[in-house]
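# Sequence first, then the predicted structure, then my questions.
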Amino acid sequence: MSQDGTNGENVASESHLNGTEEAEDGGEQLYYCDFDSCVKSFRRRDYLERHQLNHNNEPRLTCHICSRGFHRADVLKKHVERHKPLEERRHATPRRRTPGPVAPAPLPMPTPVSLATTAEAVRYAPQNLLSPPGEPIESQVGGAFRSLTPFVDPYPTFDLSGFTPFGAPNVQYNEDFNAEDIYSWLFTASPTHDLPAIGASADPVLVAEPLMVLAQAANQPLAATGPMLQDHPGPGLSDVSQSTVSDLRVSRAFGGPSLNLESQCFDATEEIRVDKIITSDIRVKMLEPFMSIASVDLDSEAFSLKSLQLYLELYFLHFDPLFPILHRPTLVSRAGGPRPLVLLAMVCIGTAFAVGDSGLTIAKALHQRIRNKVFEMIEDDPRVEVHVLQTILLLSYFSRMYSSSAHHDISQVFHSPSIILANFSGVFLPESSPETATYPPTEEGWASWVSSEERRRIGWFAFLCDTSNAAMFRHTLMVHSFAMKIPFPCSEMLWAAQDYRHWSLRLGYEKEQPSFRNALRNLSTNGIIDPDISAFNAWILLHGCISVSWTLLWRDLADLSMVNESRIGGWKNSLRAGFSAWHQFISTTKESRLTPSRSDNALYWTGVPFCLLGGILLLTETELVRMIAGAPRVAGRLISPGERILAQRKLEVWSGTPDGQIAVWTSLELLHQLFKWSAEARFMTTPSTTPWCCYIAVLIVWAYGSLLEGRRDLSQHSFVIWPSTRTTTATSLPQIEPSLALVAAHQYTTRLLASGGPDRLADVKNKNEVAGVVAYGAWMAGNVPWGTMESPHKELLNLLRPHS
């Protein structure tokens, strides 16, 4: 009680409501922000008043150079400084960091729990996957994760000035800007939302409306490491950095229920015929520079005029809906006609979807010569035209995904130069004055607009290629989502206009595309997606989430001393909610349309598995799983026996954590979905991310069951027939009956998903009876004639091999 007889606690509460409070250390007054959901406090009223300007809906200040809006004069002043030449800024007076809100005391670091001393460790005794079934491995969890290896930043020259447009109210943009500020901005709800929520027609609401809580998270640590295996726990080992199974924003596929939404479709007009694009004269121009190559028979029927036209049509049918980077209506009418080398690159990709492999065989040999010719042309100037970038990036995609396994490894060598060329050519930056660009309603105006739009789209294609390469094959990310400053591409309706009259009419109704980084923030934090977003922009947005996922696991969180661990789990939950919202958006969009467009179907069949893979990659070091499964190479390098042993020890910890349980649950959802599609073999007609997603999901399910219950001999099933013992060799392959394997695989996924949630998977018996899942996964991988699946096919078959 206070001297006047009132309750001191009530007085403090009342003063807080009034925006002030007496500090405990001598009576100094604190000023609190009274905006909803804002908990910031300040020791001076002028600091509070300056802070409250950030909550205004409309900026009151404008940059006279770029017209960007700001709420505060001090932030605008710092922004204007960045427009000055670097040399002028270098000699300017150093700026002091603007005082910010009083930071709370750091949370105490939790004491790691040793699995070797818990009842759970006894209950789920880990098994050695590198030795015969049933033979235990000595647990060394307590001593294997003591030292933390310093992390090497893969972006030593990254320009932090690119973060200026974020406009985060609680971030001061200066040289002290750090990675934690970036993620704090990304995963913190903004006071106002630019886009309506999923399924909403007016006022935006969060996707995380009352949803059913699936399960309670198990309180066990996670083991993870960086791309190169180290003897340290890696990011996320502490309890507080674990994901939460019961996060209310997450759908059932990621550990929660589902959502609904509606979207609209439009009728496509008639497209230009491929026989108008590749004529007999154009075929001569395409093949003439390579006719002297003895090892490539370009006169064969597989590369006749009709065959080339077929491959181009297959390109537009299967590849273009996900990667619409070339404007089909103007390929013929543009100045100089269609570029022969661009057409050849498109033809090479089209051969990957043709029946029979004769065309693909020629394309595998031809694409190397095309790539060498292009690099010879640009060796004197790295700033190249858009059509050169189109050729290089399409050939790089073909080599990495569709050519042989040897070409896949070589393509990683050429990947970096391709992205560097794109960077030197400025396609990751907006054009000088896009706001003032006007296009007259003429053929010339249409051509000029197409040129600008293709430049923007090739920048996004480079970003997509780099992100998928890092996500699938765990190579270093070169273009982070935060570095992408170009606007979203235009709408599908405007892009599909077949002549300048339709284009000029639709251009008048084209709405301004939202900022990519704001859209990424709305998705990651609020689960909000613009209902009118195009399929290509939705595909870009998914890659943005995966890009953030990659850095959360590998880059920023590897040095846990710089990031409060309790925030890591929150960031991961927010990103999982973003994946969940994207998944529900795409699934319900396709279902809500009576006649889904070609882009809708492609995005659904490819995007859903890739989105689920993104949720898996956020919580799992998939290269460790590949190591214990026997992959000879991971990320292009040979794996030593010692690394395999260390990988198993780390995964033993992972299998008992919430992150591990959620990753397995998401893998089961992914496989369950693919098994439904298998009768139609839809993954055969989509870009090759889907078979790889299936392969990773199979390995995770196999590893989880084998780590907890011991590795089984998977060869003792009727749907797997190996040659007799007398004729079996190290290179012998089994015969798999796919119909029986599919039945067993479907029964397995259904049984585990019926458990009710990720935290209940550990209670399911016989989790290691995964023969059907592995066998059917191997059969699907073997039926894809793409080089990127050669090694996965062999690895899955080896899991089915009889134990000696």
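That came in fine, so what should we check first?

# so how far is Leu553 from Pro658?
Noted for Pro658: a distance of 15 Å to Leu553, by Cβ to Cβ, to the nearest Å. For every residue, glycine as well, the C-beta is placed using N, CA and C.

# cool, and Arg506?
Distance from Arg506 to Leu553, counting by Cβ to Cβ: 41 Å.

# what do you get for Gly615?
For Gly615, the distance to Leu553 (Cβ to Cβ) stands at 12 Å.

# what about the two, which has more around it?
Gly615 (33 against 24; other Cβ atoms under 10 Å).

# If I look at that one, what pLDDT would I see?
Note for Gly615: predicted pLDDT of 92.

# Which element, helix or strand, includes it?
helix 598-619 (DSSP states H and E).

# And the following helix or strand past that helix, what does it pack against?
Remark: after helix 598-619, the chain's next helix or strand is helix 622-628, criterion DSSP H and E. The helices and strands touching helix 622-628, judged by 3 or more Cβ pairs under 8 Å, 6 or more residues apart in numbering; DSSP states H and E, are strand 633-634, helix 641-654, helix 689-709.

# List the pairing partners of the next helix or strand after the longest one within its sheet, with orientation.
Of the helices and strands lying after helix 689-709 in sequence (DSSP H and E), the nearest is strand 720-721. Counting by DSSP bridges, the strands paired with strand 720-721 are strand 735-736 (antiparallel).

# Run through the strands of this protein in chain order.
With DSSP state E, the ranges of strands along the chain come out as 20-22, 29-32, 41-42, 61-62, 69-70, 633-634, 637-638, 720-721, 735-736.

# quick one: average confidence on the fourth one?
Strand 61-62 shows an average pLDDT of 78 in the prediction.

# Then the third one?
What strand 41-42 shows for mean pLDDT is 80.

# What strands line up against it, and which way round?
Partner strands for strand 41-42, per DSSP bridges, with pairing direction: strand 29-32 (antiparallel).

# coming back round to it: ranking the strands of the chain by mean neighbour count, which comes first?
When you average the neighbours per residue for each of these (mean count of other Cβ atoms under 10 Å), strand 41-42 leads with a mean of 20.

# From Leu360, how far off is Asp532?
Looking at Asp532 against Leu360, where the rule is Cβ to Cβ, the gap reads 38 Å.

# Could you check which of the two has the larger neighbour count?
When neighbours are counted by other Cβ under 10 Å, Asp532 and Leu360 differ, and Leu360 comes out ahead with 23 against 12.

# residues touching that one, list them.
Listed by Cβ atoms under 8 Å, 6 or more residues apart in numbering, the contact set of Leu360 reads 351-352, 354, 402, 785.

# where's Gln673 relative to Ser580, distance?
Relative to Ser580, Gln673 is positioned 14 Å away (criterion: Cβ to Cβ).

# Oops, could you answer that again for Asp659 instead?
Counting by Cβ to Cβ, the separation of Asp659 from Ser580 is 16 Å.

# With Val75 instead?
According to Cβ to Cβ, Val75 stands 34 Å off from Ser580.

# of these two, who's got more company?
Regarding Val75 and Ser580, a neighbour count based on other Cβ under 10 Å identifies Ser580 as having more, with 30 against 24.

# what pLDDT does the closest residue to Phe424 other than its chain neighbours get?
For Phe424, ignoring the flanking residues on the chain, the nearest one in space by Cβ to Cβ, 6 or more residues apart in numbering is Pro382 at 4.4 Å. For Pro382, the model assigns a pLDDT of 76.

# can I assume Ser452 is in contact with Glu431?
Yes: here Ser452 lies in contact with Glu431, judged by Cβ atoms under 8 Å, at a distance of 6.5 Å.

# and the residue nearest to Phe424, what does it touch?
Listed by Cβ under 8 Å, 6+ apart, the contact set of Pro382 reads 420-421, 424-425.

# would you list the residues you listed in CSV and tack on neighbour count?
CSV is the format used below for the contacts of Pro382 (neighbours: other Cβ atoms under 10 Å):
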residue, neighbour count
Ile420, 12
Leu421, 21
Phe424, 13
Ser425, 21
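
# just those residues now: which is nearest Ser574?
Proximity to Ser574 was ranked across these by Cβ to Cβ; first place goes to Ile420, at 32.1 Å.

# check contacts around that closest one.
For Ile420, the contacting residues are Pro382, taking Cβ under 8 Å, 6+ apart as the criterion.

# confidence score at it?
92.

# Give me the distance between it and Ala483.
In this view, Ile420 and Ala483 are 13 Å apart by Cβ to Cβ.

# same question, Gln661
Counting by Cβ to Cβ, the gap between Gln661 and Ala483 amounts to 34 Å.

# okay, these two: which has more neighbours?
For Gln661 and Ala483, the more surrounded residue by other Cβ under 10 Å is Gln661, and the numbers stand at 27 against 18.

# gap between Arg506 and Ala497?
6 Å.

# Next: Val743.
If you measure Val743 against Ala497 using Cβ to Cβ, the figure is 48 Å.

# In terms of neighbours, single out the busier of those two.
The residue with more neighbours, out of Val743 and Ala497 and counting by other Cβ under 10 Å, is Ala497; that gives 22 against 15.

# so what pLDDT did that one get?
92.
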